[in-house]
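Q: coordinates only, sequence not included:
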């Protein structure tokens, strides 16, 4: 595999949780929180709702930027257990509002339903992200149809794993904001820590807060981090830099640009901002 660092285990490295994030509606902007309860289903309140395309039956994802990049102009927060969606015009609406499907359908220009229960075998479309950068976001680009959340029990609309983490070393090296990669846990690393060290955590366990996590794989990157996120402009380097420096075959589809790591939850618990992060031996 390409992109491996010399990092072999941070027994003496002081790493802490810098921030915690969740995204109540898949592919909408999310929210930062001071703590997160995590279990085998992922982070509480994370990706619990999604839009379903009434025409194709696929879950709406900004990975298919031609159709769904407008979702990144919306925000979602789950305060007090009730999800509210912030619209591009500055108004907000409750996710359980009776008119939400019509409202979102008009906004997206396609008939959609906001759903809270993941259909069996739920899928999304993932066009080749590097081709999208080359040919333009509105180009008809071939790709894969992915069955989502195969590693996540329950109804959450995660992609390939219950949780996603990334280090500040990787973010600072690439030069982008954390929210572009849509992590749950941003891990602050000390000066001089190598970028892409997350690669070397695969197979290891991470103790953080009350929780114990296991690193499943490096995170392959789609086109989403390069897109406009609310007021943030496009950032092509969010894909181009890892494409040039850090390619891994994470799922049998050839070497993909990677940044960050996917995780499963071994022991449930609460993670707080500021908690120490300890990487253990290979499980």
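A: Arrived safely. These numbers come from a predicted model, not from an experiment.
Q: which residue is nearest the centroid of the chain?
A: The C-alpha lying nearest the average C-alpha coordinate of the chain belongs to residue 182 (Cα atoms, centre = their mean; 3.7 Å).
Q: Now that one: closest residue in space that isn't a chain neighbour?
A: In this structure, residue 182 finds its nearest non-sequential neighbour in residue 23, 6.2 Å apart by Cβ to Cβ, 6 or more residues apart in numbering. For the C-beta atoms, the positions are set from N, CA and C on the backbone; glycine is no exception.
Q: and what of residue 215?
A: If you skip the residues right next to it in sequence, residue 215 has residue 201 as its closest partner in space, 4.2 Å away by Cβ to Cβ, 6+ apart.
Q: Run a quick neighbour tally on residue 166.
A: Counted with other Cβ atoms under 10 Å, residues neighbouring residue 166 total 23.
Q: From the contact counts, what lies against whichever strand or helix holds residue 134?
A: If you go by DSSP states H and E, residue 134 is part of helix 129-135. Applying 3 or more Cβ pairs under 8 Å, 6 or more residues apart in numbering; DSSP states H and E, one finds that helix 129-135 contacts helix 237-245.
Q: Please report phi then psi for the residue nearest to residue 215.
A: When quoted as degrees, to the nearest 10, the phi and psi of residue 201 stand at phi -90, psi -10.
Q: follow-up on the earlier one: test my guess that the residue nearest to the centre of the chain contacts residue 221.
A: No. Between residue 182 and residue 221 there is no contact under Cβ atoms under 8 Å: 10.4 Å.
Q: And the average pLDDT for stretch 74-88 is what?
A: Here stretch 74-88 scores 93 as its mean pLDDT.
Q: rewinding a little: what residues does the residue nearest to residue 215 make contact with?
A: Shown in contact with residue 201 (Cβ atoms under 8 Å, 6 or more residues apart in numbering): 215, 261, 279.
Q: centre of the chain versus stretch 42-60, how much separation?
A: Between the mean C-alpha point of stretch 42-60 and the mean C-alpha point of its chain there is a distance of 13 Å (Cα atoms, centre = their mean, to the nearest Å).
Q: which of the contacts of residue 201 tops the neighbour count?
A: Neighbour counts for the contacts of residue 201 peak at residue 261, which has 30 neighbours (criterion: other Cβ under 10 Å).
Q: if we can go back for a sec, ok now do the residue nearest to residue 182, which residues does it touch?
A: When contacts are counted by Cβ under 8 Å, 6+ apart, residue 23 touches 29-31, 46-47, 76, 182.
Q: would you list every one of the strands in the stretch 151-283 of the chain?
A: Remark: strands assigned in the stretch 151-283 of the chain by DSSP state E, counting those that start in this stretch are 163-167, 185-188, 204-208, 211-220, 247-248, 256-267, 269-272, 276-282.
Q: May I see these organised as a markdown table, with mean pLDDT added?
A: Conversion of those to a markdown table gives the following (pLDDT from 0 to 100):
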| stretch | mean pLDDT |
| --- | --- |
| strand 163-167 | 98 |
| strand 185-188 | 98 |
| strand 204-208 | 97 |
| strand 211-220 | 97 |
| strand 247-248 | 96 |
| strand 256-267 | 98 |
| strand 269-272 | 98 |
| strand 276-282 | 92 |
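Q: For residue 174, which of these is the nearest?
A: Across the strands of the stretch 151-283 of the chain, the minimum distance to residue 174, taken as Cβ to Cβ, is reached by strand 256-267, at 6.6 Å.
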